[in-house]
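sequence plus predicted model, see below.
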Amino acid sequence: MAKRSPLKLITNRLLAAIPSLAGVVVVAFVLTRELPGDTAAYFAGPAATQEAIAQISEQLGLDKSRWIQFWIYANNLFHGDLGRSLTTGQPVLTDLIEKLPASLELTGLGLLFAISIAIPLGIVAALHPNSWIDRLARSVTTAGVSLPTFFTGLLLQYVLYYKLGWAPPPVGRLDLFTTPPTHITGFYSIDSLLELNISTFVDAIAHLLLPAFTLGIFALAPLARVTRASMLGILSSDFIRTARANGLPRHTIVFSYAFRNALLPIVTTLGVVFSFLLGANVLVEKVFAWEGIGSYAVEALETSDYAPIQGFVLTMATLYVLLNLAIDVLYGIIDPRVEVDA
Amino acid sequence: MKRRDLLKGGAAVVAGAALAGTAQSTRSAPMLVAQANSDNTLRVVRGGGFPNGLDLHAVGTNRPAYGSAWNLYDRLMTFGTKTLDDGSESYDFTVLEPELAESWEIAEDGLSATFKLRQDATFHDGTPVTANDVKWSFDRAVSVGGFPTFQMKAGALESPEQFSVVDDYTFRVDFLRQDKLTMIDMAVPIPVIINSELVKQHVTEDDPWGTEWVNANDAGGGAYQLDTFKPGERLVLKRFEEWKSGPLPQIEQIIVLDVPEAGTRRALLERGDVDINFDVAEKDTKELRDIGDFTVISTPIENAMHTIDLNSTAELGGEPNPFFDVKVRQAVAYAIPYEAIMSTAMFGQGVPMFGGPSFEPETIDWPQPYPYATDMEKAKATLAESSYPDGFATTLAFNLGTQEWAEPMCVLIQEALAELGIQVTLEKVPGANFRAVLVEKNRPMIINNFGGWLNYPDYFFFYSYHGQNATFNGSSYQNPELDELVDAALQTGPGDPAYDEYVKSFLKIAFEEMPRVPMVQPSLSVAMQPNISGYQYWFHRQLDYRQLVKG
Amino acid sequence: MTAFLRQARYTIAENRMTLVAFLLFVAFVVMGIFGPWVVPFSPRQTNAALQLQPPTWQHWFGTDELGRDVFSRAIAATRLDLGIAISAVGMSFLAGSIVGTCSGYFGGWVDRIAGRVIDTIMAFPLFVLAMGIVAALGNSVENIIYATALVNLPLYARVVRSEVVVARQAGYVEAARLAGNGDWRIMAAHIFPNVLPATMVPMSLNMGWSILNAAGLSFIGLGVRPPTAEWGIMVAEGATYIISGEWWMALFPGMMLMLAVFCFNLLGDGLRDLVDPRRRS
């Protein structure tokens, strides 16, 4: 098989993703229109008369047939217009651009936390299979994935903020009196570093810790499990035995040979976990009053505000596609022998 | 005239500058002032949601937005202040006081009011406030549709022709008729005075009143001006130093944070990270009061009740509706476990609306307890007389947004009605859908918490019992006799003996017919750090920052 | 079959945690079946005088805001929660297997269409899709089950498809075909039983996830109807009482929920060892 250029791979992959993205657009549209709430009635305010509701329904274009509504929506979407949120009064695109970095920052740090705990745990467990440390690692990580995130979050808040006062108030991304850094990437931790503003950086990280930890706990189990399994498989393979027989130092064997080769399934799992965490974010954001897209979507769902829900779902789907693409590209870097089907 | 022209020119320049400033503050990174001196900053969290816009004339502006508009904008008049029995402060419904209008006069025929405006008042961008702005703002309120127009209509303010500019600082309102609600309706949050010249720069063909722009920007002249507004996140206001419509407030900066979890709000207060926790749930109110470290003030909400509305139409969805039978409704009213609801769902907060003395109303006090109390024997006997002696199956819907008190309330009701043989399924409806439930009126039983701004029983009855069948008439109750009495009462007012008679008569009908079963008059509670004072209860159930004092 | 049993005994004997998980599972099943009859109090009986009592000898897990016994409610909830998990997983297993078997066996356009549909579902954030479905259909136990089943469907479809693609070429399938069996019969009687073991692990892990998913839905108000006892809604409602000091309302149901999910996860691990001895530790 001829080797494909990465560029071609990327283009092919993106083209192949179009049908499922289109599917997502349709499903999101149908789902939002099936929501039982009457958007016009809700936004007409408490004392609205039937005429007022009809008037608003007309303003919002909700009196038109579903097909026409869909056509208008699709047409706008094609022109990059995601519509306007009735809840915030802003274009959905503006809202998403503002809120997406907050969610990504939280998820990213949560994942980083999970990686830094789960992978060493998995390696140690693989080096000492069925030892007490293996069992302990397994119980702890499994327990982590067995708790509802909102419960963990509130419990951590109670102990670390309310009882001990170690954590900052669980509201938002920065302290009340800290000025957010200039919007460069939208990630407060990165933007503050770019501005060399250490106190803002510390504040941003302090606010990130608890929610990221809450989220990360949930990702420990799959990562530790796959690391352990993958390492076990590699460690019992012939080339490691050969390396061992040749008297190579243990850490060289473990890290340079075994871990590098065990990385492939770990990366796959990372991708799955990341997209799962992006979804699980919804609850954590609500608990920590985090201004991300998850809480934005929940709020829109509660008010039957269509445009933000559709925008949110589309963003998540796009992220999912890009993420899978990134993983495929990463595969090629980790193991150049891997051929990825477009 | 010359001075006026000069002012106009100056204003345009200032307006341009202000525009650039506000546009920046809402779009790019928020310009939160790094505050070293937090003594003059008030940090607020609140229940009941977060403002979703700044223009309370815009479609879909929620209740918390009335609070921000109340402080950002001036109205012509405001209400006086009185001290309640428990020593707390409240607005005084009976006294109108000057705000933007220095003074006013009612014409001798009682059919118009002429307002003299303050000549030194300016909007936040420095433009002087003139009668043209007032006229434009009033025109907007009666023309824009939706809730604002509806509320104006409640005070017989219906058409732009009623409003005229006499001169730059004189404004006249012509009345459609003599109506006791007209003057006070001009002091509610809706008729705010908007900077018309500024907004006119942002109107479009689709949006002739510029609601889109006003919803995200500051076009006011109130005691506070906008610093940052991020819906779902935070609202920052700072004091308008040139405010002339009242004494300059003490607090320089207000930060309102959106914290959806009630437990977190409470923790923030207890940890000292916020100054005020407003609109606190019943349980937290009770417990924060017991802790004793905070100033906790609860005020019964005027003209408001938590009720179960029993749909009184003959059929629902093509099926005969048991609650059409008045005996069934009365049986339900006798079966409700009122005391248990008061103690468990309401944590003892609020005023009981049950156990009234007699089916003959003795006073026109409102709200007043209905003459029902829990009496299972009587309930069973009454149901036995109905066409459903063995009970039936039905549903009870409540709003997820009021879950804190409504869910335990519903569970208790369900348990009690089961004793009568009435099998109730509970339906928990998310906020947006509940509005649809109210509009569709197709549920047999719902939990309703309607409250009226204008504190008259006839006003309450007009929206919740009258045959016009407004959204709040959750029981779709129809009774021409009651309608006549309510209409007649609306035409008269307290002091008139006929008024008392009308009110007592329609109350009597409500007592006997029971289309809605009142349980409690809820309270509005605020918990504050001990160094905060000056809190006042307002009928719009929002915080007025202008009277608050820190330290 | 005897080989399988031997393997099972070996795995359990070797891995005590799987044994513990298995015993826990049995305990939960017993609780689910008999729980509602043996609890000391009625899980629905309110008592205004006993509101928010901390744990005592009479009320082991304390009482909730309506004076109901948390212990009785937590035990009684087992049946519903296991029911939700089992039916959701069962449904998605069934539907997913059918889709996966067909698309793996027939290939071609069947495979392509199924693949697209599954990609579309997977491109949704799972929890949000479940949220949307329950919000659109209304919050009832059935709709929670449907939503959970739908979001899990791709998992089974994918696992089954990849197994079927391999099995299609296997000798025994060829033999069955030569013996004159039709496509449907081959799929149902020959291929499917052979790919079944591969789905056991995701099923077990999925049970736990389904319970968590229902709990999450409860937390944002899309859970079962009150006054039904369900762990998720008990934790969700109790969680708002943590700050005010009534920790028992959330903690005990939370522990039950965690134990159940924990047990399913460990069982999944154990099953993995059982099904796939090569990867066994």
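In hand now; what should we look at?

am I right that residue A:182 is in a strand?
No - with DSSP: H, G, I helix; E, B strand; the rest coil as the criterion, residue A:182 is coil rather than part of a strand.

need the phi and psi values for it.
Recorded main-chain torsions at residue A:182 are phi -60, psi 140, according to degrees, to the nearest 10.

the longest strand in chain B is where?
Secondary structure of chain B read by DSSP state E shows that its longest strand is strand B:89-98.

mind listing what's buried in the helix or strand just after it?
Proceeding N to C from strand B:89-98, the next assigned helix or strand is strand B:101-106, under DSSP states H and E. Buried residues in strand B:101-106, counted by 16 or more other C-beta atoms under 10 Å in any protein chain shown: B:101-102, B:104. Every C-beta, even on glycine, is put in place using the N, C-alpha and C of the backbone.

can you list the strands that the following helix or strand past strand B:101-106 pairs with?
Following strand B:101-106 in sequence order, the next helix or strand is strand B:112-117 (DSSP H and E). Counting by DSSP bridges, the strands paired with strand B:112-117 are strand B:101-106 (antiparallel), strand B:170-174 (antiparallel).

and the next helix or strand after strand B:112-117, what other elements does it pack with?
Note on strand B:112-117: by DSSP H and E, the next helix or strand toward the C-terminus is helix B:131-143. Applying 3 or more C-beta pairs under 8 Å, 6 or more residues apart in numbering or on different chains; DSSP states H and E, we find helix B:131-143 packed against strand B:112-117, helix B:146-154, strand B:163-167, strand B:170-174, helix B:196-200.

adding mean pLDDT, write these out as JSON lines.
Output for the helices and strands packed on helix B:131-143, formatted as JSON lines (pLDDT from 0 to 100):
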{"stretch": "strand B:112-117", "mean pLDDT": "96"}
{"stretch": "helix B:146-154", "mean pLDDT": "85"}
{"stretch": "strand B:163-167", "mean pLDDT": "95"}
{"stretch": "strand B:170-174", "mean pLDDT": "96"}
{"stretch": "helix B:196-200", "mean pLDDT": "95"}
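
for those, give me CSV that also has mean neighbour count and distance to residue B:303.
Below are the helices and strands packed on helix B:131-143 laid out as CSV (neighbours: other C-beta atoms under 10 Å in any protein chain shown; distance: least, C-beta to C-beta, whole Å):
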stretch, mean neighbour count, distance to residue B:303
strand B:112-117, 20, 24
helix B:146-154, 22, 13
strand B:163-167, 15, 27
strand B:170-174, 20, 24
helix B:196-200, 20, 33
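
quick one: contacts for the residue in the stretch 51-200 of chain B that chain C sits nearest to?
When scored by C-beta to the nearest C-beta, the stretch 51-200 of chain B has residue B:62 as its residue closest to chain C, at 17.7 Å. Going by C-beta atoms under 8 Å, 6 or more residues apart in numbering or on different chains, residue B:62 touches B:49, B:51-53.

so what's residue B:284 closest to, chain neighbours aside?
residue B:266 (5.1 Å; C-beta to C-beta, 6 or more residues apart in numbering or on different chains).

write the PyMOL selection for whichever of the contacts of residue B:62 are buried.
Here is the PyMOL selection string for the buried members of the contacts of residue B:62, based on 16+ other C-beta under 10 Å:
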select buried, chain B and resi 49+51+52+53
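
which one of the contacts of residue B:62 is nearest to residue B:413?
Using C-beta to C-beta, residue B:49 is the member of the contacts of residue B:62 that sits closest to residue B:413, with 25.7 Å.

in which helix or strand does the closest one reside?
Element membership for residue B:49, per DSSP H and E: none, as it lies in no helix or strand.

got it, and residue B:524?
Assigned by DSSP H and E, residue B:524 belongs to strand B:523-528.

packing partners of that strand?
For strand B:523-528, the packing partners by 3+ C-beta pairs under 8 Å, 6+ apart come out as strand B:276-278, helix B:282-291, strand B:295-300.

now what about the very next helix or strand once past that strand, what contacts it?
Going down the chain from strand B:523-528, the next helix or strand is strand B:532-533, by DSSP H and E. Applying C-beta under 8 Å, 6+ apart, the contact partners of strand B:532-533 are B:42, B:275-276, B:295, B:548-550.

related to what we said a few turns ago, make JSON lines out of the contacts of residue B:62 and add distance to residue A:150, secondary structure and pLDDT.
What follows is the contacts of residue B:62, written out as JSON lines (distance: C-beta to C-beta, whole Å; DSSP: H, G, I helix; E, B strand; the rest coil; pLDDT from 0 to 100):
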{"residue": "B:49", "distance to residue A:150": "20", "secondary structure": "coil", "pLDDT": "84"}
{"residue": "B:51", "distance to residue A:150": "25", "secondary structure": "coil", "pLDDT": "88"}
{"residue": "B:52", "distance to residue A:150": "24", "secondary structure": "coil", "pLDDT": "83"}
{"residue": "B:53", "distance to residue A:150": "29", "secondary structure": "coil", "pLDDT": "86"}
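
keep only the contacts of residue B:62 that also lie close to chain A.
Restricting these to those near chain A by C-beta under 8 Å from any C-beta of the partner chain leaves B:52-53.

which parts of the stretch 201-350 of chain B sit against chain A?
Residues of the stretch 201-350 of chain B lying close to chain A by C-beta under 8 Å from any C-beta are B:212, B:215-216, B:230-234, B:255, B:257-261, B:263-264, B:267-268, B:270-271, B:273.

now the most centrally placed residue in chain A: closest residue in space, sequence neighbours ignored.
Central residue of chain A (C-alpha atoms, centre = their mean): residue A:278, 2.3 Å from the mean position. The shortest distance from residue A:278 to any non-neighbouring residue, by C-beta to C-beta, 6+ apart, is to residue A:107 (5.4 Å).

now do the buried residues in the helix or strand where the one you found lies.
Counting by DSSP H and E, the element that carries residue A:107 is helix A:92-127. Within helix A:92-127, the residues scored as buried using 16+ other C-beta under 10 Å are A:92-93, A:95-96, A:98-111, A:113-115, A:117-119, A:121-127.

sorry, back to before: in its sheet, what does the strand holding residue B:524 sit against?
Counting by DSSP bridges, the strands paired with strand B:523-528 are strand B:276-278 (antiparallel), strand B:295-300 (antiparallel).

need those strands in CSV with mean pLDDT and mean neighbour count, can you?
What follows is those, written out as CSV (pLDDT from 0 to 100; neighbours: other C-beta atoms under 10 Å in any protein chain shown):
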stretch, mean pLDDT, mean neighbour count
strand B:276-278, 95, 26
strand B:295-300, 95, 20
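
kindly reformat those as CSV containing distance to residue B:78.
CSV is the format used below for these (distance: least, C-beta to C-beta, whole Å):
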stretch, distance to residue B:78
strand B:276-278, 20
strand B:295-300, 18
